[in-house]
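Q: Quick one: sequence and predicted model below, then my questions.
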Amino acid sequence: MSIEPGEYARLRRAAERLSGVPGVGKVEIAGGAVRLSLPPVERHELAALAVAGQLNAQLPRTHPDFSARGDTALEAVGLGRLCRPDLLVFAETALESGRPTLAPHEVLLVVEIVRQSAEPAGAGDYAAMGIPFHLLVDPRDGTGVVHDEPGYTSRKEFAFGDTVTVGPWTIDTSGLLTYA
């Protein structure tokens with residue numbers, strides 16, 4: 001979905017104002033609207049830490065000077081999309097740009113961990129952005145999906161306890177906890 005530049009700029013200003021409101025978790029732009037979510041619960045954060053730890057242990061071998069971080073936003077202005085995935089894998093030099101967000105071409109992997117009371121974000125936006133890999137982890141039922149191949153034509157489902165391959169990385173999901 002594309003959006004008129006002036007409309008996106010208006011939404012972006014609103015998102016910036018809302019991001020400073022106490023108690024608000026993610027502030028994103030999708031589908032022509034600003035979307036808010038509550039802060040995550042502890043098990044959500046534990047899953048993010050576990051996946052980030054495994055990725056950061058492997059990145060020096062596969063992609064030196066890259067890291068998996070959860071404190072950076074991703075923006076595709078042409079698609080009208082501002083998102084704050086739980087983790088992004090990108091070159092640390094991208095942080096030197098002075099921009100407040102990463103551009104899609106700077107990102108190798110997006111990791112989304114489904115929040116307890118929310119529907120999962122669609123992988124279609126990340127595919128449209130050209131991001132090579134997407135990992136969806138769903139602690140609501142202890143499952144997940146790896147999307148890869150151009151346009152995410154490959155979809156590999158897994159259950160917590162499996163070891164999954166995401167591009168050149170391997171993630172052991174046996175330590176992930178469900179919300180229940």
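A: In hand now; what should we look at?

Q: quick one: the strands in the chain?
A: Shown for the chain, the strands assigned by DSSP state E span residues 27-30, 33-36, 66-69, 73-76, 81-83, 87-91, 101-102, 107-113, 133-138, 143-148, 154-159, 163-166, 169-172.

Q: would you turn the ones you listed into JSON lines with distance to residue 49, mean pLDDT and mean neighbour count?
A: All C-beta spots, glycine's among them, are computed from the backbone N, C-alpha and C. Below are the strands of the chain laid out as JSON lines (distance: least, C-beta to C-beta, whole Å; pLDDT from 0 to 100; neighbours: other C-beta atoms under 10 Å):
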{"stretch": "strand 27-30", "distance to residue 49": "21", "mean pLDDT": "84", "mean neighbour count": "20"}
{"stretch": "strand 33-36", "distance to residue 49": "24", "mean pLDDT": "84", "mean neighbour count": "15"}
{"stretch": "strand 66-69", "distance to residue 49": "10", "mean pLDDT": "97", "mean neighbour count": "19"}
{"stretch": "strand 73-76", "distance to residue 49": "19", "mean pLDDT": "94", "mean neighbour count": "21"}
{"stretch": "strand 81-83", "distance to residue 49": "20", "mean pLDDT": "91", "mean neighbour count": "23"}
{"stretch": "strand 87-91", "distance to residue 49": "10", "mean pLDDT": "97", "mean neighbour count": "23"}
{"stretch": "strand 101-102", "distance to residue 49": "20", "mean pLDDT": "94", "mean neighbour count": "19"}
{"stretch": "strand 107-113", "distance to residue 49": "10", "mean pLDDT": "96", "mean neighbour count": "24"}
{"stretch": "strand 133-138", "distance to residue 49": "12", "mean pLDDT": "96", "mean neighbour count": "24"}
{"stretch": "strand 143-148", "distance to residue 49": "16", "mean pLDDT": "96", "mean neighbour count": "21"}
{"stretch": "strand 154-159", "distance to residue 49": "19", "mean pLDDT": "96", "mean neighbour count": "13"}
{"stretch": "strand 163-166", "distance to residue 49": "17", "mean pLDDT": "98", "mean neighbour count": "16"}
{"stretch": "strand 169-172", "distance to residue 49": "13", "mean pLDDT": "98", "mean neighbour count": "17"}
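
Q: Nearest to residue 18, out of those?
A: Residue 18 lies closest to strand 27-30 among these, at 4.9 Å (C-beta to C-beta).

Q: Can you pull out the residues in contact with the closest one?
A: Here strand 27-30 makes contact (C-beta atoms under 8 Å, 6 or more residues apart in numbering) with 8, 11-12, 15, 18-19, 34-37, 80-84, 121, 125.
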